[in-house]
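In: A predicted structure for the sequence below; I have some questions about it.
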Amino acid sequence: AIFESPTPEILNSKYDIIIIGAGAGGAVMANRLTEDNSTKVLLIEAGGSDFMNTNILAPGLATSLSRSKFDWNFTTTPQVGLNNRSVQYPRGFVLGGSTAINLMIYSRGTIDDFNRVANVSGDEGWSWNEMLPFIFKVDNMTTPTDGHNTTGQFNPALHNTDGVVDISVPGVSLDIDARGLNASQELPDEFPFNLDYNSGNTTGFSWTQATIHDGRRTTSATSYLAEAFNRTNLDILVNTRVTKIAPVGEVNGVPDLRSVQFAQSANGTLYTLEAAEEVILSAGAVQSPHILMLSGIGNKDHISSFGIKTLVDLPAVGTNMQDHVFLGNSWLVNSNFTLDDLHRNATLSAEQLQIWEVNGTGLIGLPPTNQFAWLRVDPSVFQSLNATDPSAGTTSANFEMIISDNFASKRVALPAEGRFLTFVTNVVSPSSRGNISLASANPFDAPLINPNLLGTDVDVAIMRSAIKAARAFAAAPAWSDYIISEFGAFANATTDEELDAYIRDNADTVDHPVGTVPMGKGCEGALNADLTVKGTAGLRVIDASAFPFVPSGHTQGPTYILAERAAELVKASLGQQERSRHHRGGNKY
Ligand SMILES: Cc1cc2nc3c(=O)[nH]c(=O)nc-3n(C[C@H](O)[C@H](O)[C@H](O)COP(=O)(O)OP(=O)(O)OC[C@H]3O[C@@H](n4cnc5c(N)ncnc54)[C@H](O)[C@@H]3O)c2cc1C
């Protein structure tokens, strides 16, 4: 059941597992761990229960969710690589977490991404081949809203039809789709068609797959949580923020971190509950390291400078952050209709919303893009900088090029006139590393968020190559009677120096932070390969924080997939800690 506040029923219950955060990671855990009805689970979520809100469910309203009541409303520190600009850093604040406010692209990551996790963690279980059963557990390929023939848009053999998260290819075709396909055929060497970018090799030009079914957004709440709502062994407590994880004693000389402190407001009552088996931290890549540091787990010098007592000196907490870099490059086009019309014309968008409300059809049910390309840069780009390719390998792209039927920029508002085509270029295998650190010891203060976007010359060079590729794609004959001219600052950026200035002045985040509590051997890792926090007992981190490198795909898919395996790891160890505590004469509760 869902509880809006910590009722006596919750406070007097005995939970085996307490999960913190109901996003991609936490929802998978809540579902899988309650499959066995003898395991009692409490899921604590800071945001509210309004996960069926129209603004969340309607894909076409997705961009209205940042800076809404469903967003934590974070801002980064000044980003050196962005000319010291600070940018908005949205994170979901509702059941479903960031899956409820994201842009719904579904990608799994690549063979090389997962094999690199296996390498770095020292556990072959994280390799692509070993992860295939978990990859298949997640997605459920559904028929697109318009019921069109999807032959040639994805490879059915690579998808499940009884996974948990409903996905689909785009449910409305746009005029530009045929041009995009033609351009890929006209330039097959640079933009080869890839039938399914979720095969493990993303490279090439593809139709998108999105977490949308019947025109409605699928979130971790409408999928994993919804399946488990009626289980009597799952309690979900919303509007409640975990402030600290604390030890209940020691196991084998390390703190046994099974006590969770939480409150509903900064000055509200502070409650404590103890998990009999484990605490699972799934608060996402910004807040999981934040909660660990508030609990005394992190770099000793950093946390003690805020007067927090160090429980575990774990320097890798917060320091290994990675994110993808976003840039919208727009062309004015010769068209009677683009999705710009939907964004400018309130009557049209109200009409479309009405159509959508009936059966999910129409423009509101569309994902943000119907087609995109995942591409690698020429090795000479890295050689000229005396650098190595930061991507995981040849199945991973260096950058992504998203085709949008409208003006798309996080920096410049939609112009009053003109219709647009935008190729959004994203650096998806960056080399920069940023960090999350404490701003204060108050759990209700946001941490300092520094994704270090474009923090290295290599990442700028990848973005430069991406823009050149976007221009090459736009020069294909397929667009010749459509594209009028490049628009805005983009049009004036020609030389490499001008491109760099344009990039630094306009780039932003793709909202894909990971790596802030990474798996890894030695002091590079904060987590063991089984996602237990090093130097502790009773505590794991299971969310996007755990990836040692950012996957070269959008990050909800990899996080769902990671959590599916993590659930197996937790299940396999259930009862073992209890037995070891019991053996020492401990009491289960
Ligand atoms: C605007 C935006 C667009 C995106 N677009 C895409 C996309 O198109 N495709 C894609 O694959 N990915 C996308 N992502 C990224 C994707 O959504 C995330 O990678 C994924 O949701 C990460 O899952 P998680 O479990 O790590 O964290 P989250 O999903 O963020 O979940 C963390 C949860 O923990 C809760 N929480 C935090 N602190 C506390 C606390 N102290 N106490 C209790 N609860 C707490 C939060 O409220 C939240 O519900 C996007 C993200 C954003 C924000």
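Out: On my side now, so go ahead.

In: residue contacts, residue 64?
Out: residue 55 (C-beta atoms under 8 Å, 6 or more residues apart in numbering). C-beta here means a position set from N, CA and C on the backbone, and glycine is covered the same way.

In: check this structure for the residue nearest the ligand and tell me.
Out: residue 23 (1.8 Å; C-beta to the nearest ligand atom).

In: quick one: that residue and residue 97 touch, right?
Out: Yes. The criterion here is C-beta atoms under 8 Å, and residue 23 meets it with residue 97 at 2.2 Å.

In: between the two, what contacts are shared?
Out: 220, 284.

In: what about residue 253, how many residues close to it?
Out: 7 (other C-beta atoms under 10 Å).

In: brain fart, residue 498
Out: The burial count for residue 498: 12, using other C-beta under 10 Å.

In: list the buried residues of the helix or strand that contains it.
Out: Here residue 498, judged by DSSP states H and E, is contained in helix 496-506. Neighbour counts using 16 or more other C-beta atoms under 10 Å place 499-500, 502-504, 506 of helix 496-506 among the buried residues.

In: and stretch 388-405, by the same measure?
Out: Buried residues in stretch 388-405 (16+ other C-beta under 10 Å): 389-392, 395-405.

In: what's the straight distance from one end of that stretch to the other?
Out: One end of stretch 388-405 sits 35 Å from the other (C-alpha to C-alpha, to the nearest Å).

In: and stretch 475-483, by the same measure?
Out: 9 Å.

In: off-centre distance for it?
Out: Counting by C-alpha atoms, centre = their mean, to the nearest Å, stretch 475-483 is centred 34 Å from the centre of its parent chain.

In: give me the contact list for it.
Out: For stretch 475-483, using C-beta under 8 Å, 6+ apart, the contacting residues are 176, 179-180, 182-183, 186-187, 331-335, 421, 474.

In: among those residues, which ones are in strands?
Out: 331-333, 421 (DSSP state E).

In: on that earlier part again, among the contacts of stretch 475-483, which ones are buried?
Out: Among the contacts of stretch 475-483, those classed as buried by 16+ other C-beta under 10 Å are 176, 179-180, 183, 187, 331-333, 335, 421, 474.

In: show me where the stretch 1-150 of the chain has strands.
Out: 2-3, 15-20, 41-44, 74-75, 88-89, 139-141 (DSSP state E, counting those that start in this stretch).

In: mean neighbour count and distance to the ligand added to those strands, as a markdown table?
Out: Below are the strands of the stretch 1-150 of the chain laid out as a markdown table (neighbours: other C-beta atoms under 10 Å; distance: least, C-beta to the nearest ligand atom, whole Å):
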| stretch | mean neighbour count | distance to the ligand |
| --- | --- | --- |
| strand 2-3 | 16 | 13 |
| strand 15-20 | 26 | 5 |
| strand 41-44 | 26 | 5 |
| strand 74-75 | 14 | 10 |
| strand 88-89 | 19 | 8 |
| strand 139-141 | 23 | 12 |
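
In: what helix or strand is residue 172 on?
Out: Taking DSSP H and E as the definition, one finds residue 172 inside no helix or strand.

In: grab the nearest non-local neighbour of it.
Out: Of all residues not flanking residue 172 in the chain, residue 366 sits nearest, at 5.2 Å (C-beta to C-beta, 6 or more residues apart in numbering).

In: what do you get for residue 521?
Out: residue 122 (5.3 Å).

In: and residue 100, by the same measure?
Out: residue 219 (4.5 Å).

In: around the ligand, which positions in the stretch 251-400 of the chain sit nearby?
Out: Counting by C-beta under 6 Å from any ligand atom, the residues of the stretch 251-400 of the chain close to the ligand are 282-285, 287, 291.

In: tell me which two in those residues are the farthest apart.
Out: Using C-beta to C-beta, the pair of these lying farthest apart is 285 and 291, separated by 11.8 Å.

In: neighbour count winner among these two?
Out: Taking neighbours as other C-beta under 10 Å, residue 285 and residue 291 compare with residue 285 leading, 33 against 23.

In: my guess is that one contacts residue 550, does it?
Out: No. Using C-beta under 8 Å, residue 285 makes no contact with residue 550, being 9.5 Å away.

In: who touches both of the two?
Out: Common contact partners of residue 285 and residue 550 (C-beta under 8 Å, 6+ apart): 514-515.
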